[in-house]
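**Student:** Predicted structure and sequence below. I'll ask about it afterward.
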Amino acid sequence: MCLRTRLKMNLHFRSALLLLALAGAASLHALDRQPTADYRARRVALADKLNGGIAVLFAAEEPLLDFMPYRQDEDFYYLTGWNEPGAALLIQAPVPADGTHPARPYREVMFLPTRNLHMELYTGKKLDAASPDAPQVAGVDEVKPMTDLALSINQLAAENRAVAYHIWSEPDTEQAKALVQWTATTLGMDSAPTFADVRTPVHQLRVTKDAGELALLHKASDASVQAQFAMMKSVHPGQKERTVAGIILEKLMENGVERPSYAPIVGSGEKSTELHYSDNSQTMQAGDVVVVDAAGEYSMYASDITRTVPVSGHFTPRQREIYDIVLGAQKAAMEGFVAGKSHINDPQHKYPDSLDTIAWNYMNAHGKDLHGEPLGKYFIHGIGHSVGINVHDPFDYSQPIPKGMVFTIEPGIYIPEEKIGVRIEDVFYADKDGKLIDLTEALPKNADAVEAAMKK
């Protein structure tokens, strides 16, 4: 839904979105940036995966100001911590001498666009290659004007023509397509070279989180926990779902996030059984439950939390029964986790040791629907996903969860016939010893504790 439509919503939501827009406008320079050495280490690690080639990555372009604040391309940010639009990054893998071709050292260059002085009246001053101390400010070895990007590739190809066939980029982007055509034209090639997809090795690197990333993920989770606490205190019969969503967004901004990780989901009654219900248009009714899936990003790093609460402040016996089964399934998955062995996002139960299978088996063993059927069939999604710069960070789910990964565990049971949907979702980290660390443990999830939190 576009910003202009959302601005017509109730006061809480309008206030929260105004804060969101202001936070986004300021975020070009307001993000918590990790030490420059952390980003350089990632670039060097990527160079080691390029098989002697070069990589070219592009920053996100400036958005239309009327619609959304700026958010940097995730891979570009992971490698640079740079949060201005229109840049490009070249990483040159080191190669040894080969015949007539001399050895080539590691090299990294950020290319910055020509400044648009008129647009800067609206967006603020930007860095360019002529700015004083540009490499130190950008945190890279070299800074050049964007006009030199194609020239730099041409110069590398002049030294060794094979370079044109060993370029890694983002082949489906307009910038990379233009670079392919320019390279082919200027080098007189019969056909355009094929660029390898640089996102594959970058995404492999993004799976394991370093200490700086963990600190940001903790901050995102802490702010999201506070927003969920505010939600618990605000839910009551007659309350609008949209108002609750607005309260959550306002609390997220108050605690330092720059944006929600995703559009908040506040689904009550029968809508609690719809996984991606996003209208948030109902008035909550006494006797129903409401599923609230909402969290925020702190300096580009996301959290992801879901809680299910009773609209009236107390679960009915049947609601509590289903709730306790979902909570038991989450605990069973947590207890069954083994780093390097356990899989997630396995709704078809291909892996007998997956956390999905553990939770599904628990549900089947501990409850039935109104027709005497086991409850496992109402668990209709994967039990988790990787979390990082994206709330669904890239990961090969055919692989088990390694040490160093951050991910969710989120079992759920959704029974439309009974108007009962329950999901409990938390963010976890598998530390260097394989121990499971709950980043969102401060938020209550025991049924009694949830009811108590709603009274405060």
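**Tutor:** That came through, no problem. Worth saying up front: this structure is predicted, and the values here are computed from it rather than measured.

**Student:** what helices or strands is whichever strand or helix holds Ile153 leaning on?
**Tutor:** Using DSSP states H and E, Ile153 maps to helix 149-159. In terms of contacts (3 or more Cβ pairs under 8 Å, 6 or more residues apart in numbering; DSSP states H and E), helix 149-159 is packed against strand 54-58, strand 88-92, helix 174-186. Just so you know, the C-beta spots here come from the backbone N, C-alpha and C atoms, and that holds for glycine as well.

**Student:** Export the ones you listed as JSON lines, with columns for distance to Glu418, mean neighbour count and mean pLDDT.
**Tutor:** Below are those laid out as JSON lines (distance: least, Cβ to Cβ, whole Å; neighbours: other Cβ atoms under 10 Å; pLDDT from 0 to 100):
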{"stretch": "strand 54-58", "distance to Glu418": "49", "mean neighbour count": "24", "mean pLDDT": "96"}
{"stretch": "strand 88-92", "distance to Glu418": "53", "mean neighbour count": "23", "mean pLDDT": "97"}
{"stretch": "helix 174-186", "distance to Glu418": "49", "mean neighbour count": "16", "mean pLDDT": "83"}
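
**Student:** Can I get those in CSV including distance to Leu64?
**Tutor:** Converted to CSV, the helices and strands packed on helix 149-159 look like this (distance: least, Cβ to Cβ, whole Å):
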stretch, distance to Leu64
strand 54-58, 18
strand 88-92, 21
helix 174-186, 16
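
**Student:** Can you pull the poorly scored residue ranges out of this protein?
**Tutor:** Low-confidence segments of the chain, defined by pLDDT under 70: 1-29, 65-67, 456.

**Student:** can you give me how far the longest helix belonging to it is from the chain middle?
**Tutor:** Counting residues, the longest helix found in the chain (DSSP state H) is helix 211-234. Averaging C-alpha positions (Cα atoms, centre = their mean, to the nearest Å) puts helix 211-234 14 Å from its chain's average.

**Student:** for the very next helix or strand once past it, packing partners?
**Tutor:** Note on helix 211-234: by DSSP H and E, the next helix or strand toward the C-terminus is helix 241-254. On a contact count with 3+ Cβ pairs under 8 Å, 6+ apart, helix 241-254 meets helix 11-30, helix 211-234, strand 259-260, strand 265-268, strand 289-293.

**Student:** Residues touching the fourth one, excluding its own?
**Tutor:** I take that to be strand 265-268. For strand 265-268, contacts defined as Cβ atoms under 8 Å, 6 or more residues apart in numbering pick out 231, 241-242, 244-245, 248, 273-274, 276-278, 280, 282, 284-285, 288-294, 306, 311, 421.

**Student:** Please enumerate the helices of the protein.
**Tutor:** Here the chain has its helices, by DSSP H, at 3-6, 11-30, 36-47, 74-80, 120-123, 134-138, 149-159, 174-186, 199-206, 211-234, 241-254, 317-336, 355-366, 447-455.

**Student:** With distance to His392 as extra columns, can I get those helices in a markdown table?
**Tutor:** As requested, the helices of the chain are exported to a markdown table (distance: least, Cβ to Cβ, whole Å):
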| stretch | distance to His392 |
| --- | --- |
| helix 3-6 | 23 |
| helix 11-30 | 20 |
| helix 36-47 | 20 |
| helix 74-80 | 11 |
| helix 120-123 | 29 |
| helix 134-138 | 29 |
| helix 149-159 | 31 |
| helix 174-186 | 23 |
| helix 199-206 | 12 |
| helix 211-234 | 14 |
| helix 241-254 | 19 |
| helix 317-336 | 19 |
| helix 355-366 | 16 |
| helix 447-455 | 26 |
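
**Student:** just so I know, which of the ones you listed lies nearest Ile344?
**Tutor:** helix 355-366 (5.2 Å; Cβ to Cβ).

**Student:** Please name the nearest non-neighbouring residue to the most centrally placed residue in the chain.
**Tutor:** Central residue of the chain (Cα atoms, centre = their mean): Asn390, 1.4 Å from the mean position. Nearest non-adjacent residue to Asn390, counting by Cβ to Cβ, 6 or more residues apart in numbering: Glu74, 5.6 Å away.

**Student:** got a list of what that neighbour touches?
**Tutor:** If you count contacts by Cβ under 8 Å, 6+ apart, Glu74 has them with Met300, Ile389, Asn390.

**Student:** His236 too?
**Tutor:** Neighbours of His236 in contact, by Cβ under 8 Å, 6+ apart: Met284, Val311, Ser312, Gly313.

**Student:** how close does the first one get to Pro352?
**Tutor:** Read that as Met284. Here the criterion is Cβ to Cβ, to the nearest Å. By it, Met284 lies 40 Å from Pro352.

**Student:** So for the two, which sits in the more crowded spot?
**Tutor:** Neighbour count, other Cβ atoms under 10 Å: between Met284 and Pro352, Met284 has more, with 24 against 10.

**Student:** Next one: that one from Val311, what distance?
**Tutor:** 5 Å.

**Student:** which residues are common contacts for these two?
**Tutor:** Residues touching both Met284 and Val311 by Cβ under 8 Å, 6+ apart: Val235, His236, Pro237, Gln239, Ser268, Val290.

**Student:** Please name the residues that touch the residue lying closest to Val137 once chain neighbours are set aside.
**Tutor:** Spatial nearest neighbour of Val137, chain neighbours left out: Leu127 (5.8 Å); criterion: Cβ to Cβ, 6+ apart. For Leu127, the contacting residues are Glu84, Leu112, Ala134, Val137, Ala138, by Cβ under 8 Å, 6+ apart.

**Student:** Out of those, which comes closest to Gly412?
**Tutor:** Glu84 (39.6 Å).

**Student:** thought the closest one was touching Ala59?
**Tutor:** Yes - here Glu84 lies in contact with Ala59, judged by Cβ atoms under 8 Å, at a distance of 7.1 Å.

**Student:** Just the C-alpha atoms of stretch 412-426, please, in PDB.
**Tutor:** Taking C-alpha atoms only, stretch 412-426 is exported to PDB below (Å, rounded to 0.1, in the frame of the first residue of the first chain):
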ATOM      1  CA  GLY A 412       1.800 -22.200  14.300                       C
ATOM      2  CA  ILE A 413      -1.600 -23.800  14.300                       C
ATOM      3  CA  TYR A 414      -4.400 -22.200  12.300                       C
ATOM      4  CA  ILE A 415      -8.000 -23.700  12.500                       C
ATOM      5  CA  PRO A 416     -10.500 -21.500  10.600                       C
ATOM      6  CA  GLU A 417     -13.400 -23.600  11.800                       C
ATOM      7  CA  GLU A 418     -12.700 -22.500  15.300                       C
ATOM      8  CA  LYS A 419     -11.400 -19.000  14.500                       C
ATOM      9  CA  ILE A 420      -8.200 -19.900  16.300                       C
ATOM     10  CA  GLY A 421      -4.900 -19.100  14.900                       C
ATOM     11  CA  VAL A 422      -1.800 -19.200  17.100                       C
ATOM     12  CA  ARG A 423       1.800 -18.500  16.100                       C
ATOM     13  CA  ILE A 424       4.800 -17.900  18.400                       C
ATOM     14  CA  GLU A 425       7.900 -16.600  16.800                       C
ATOM     15  CA  ASP A 426      11.300 -15.800  18.200                       C
END
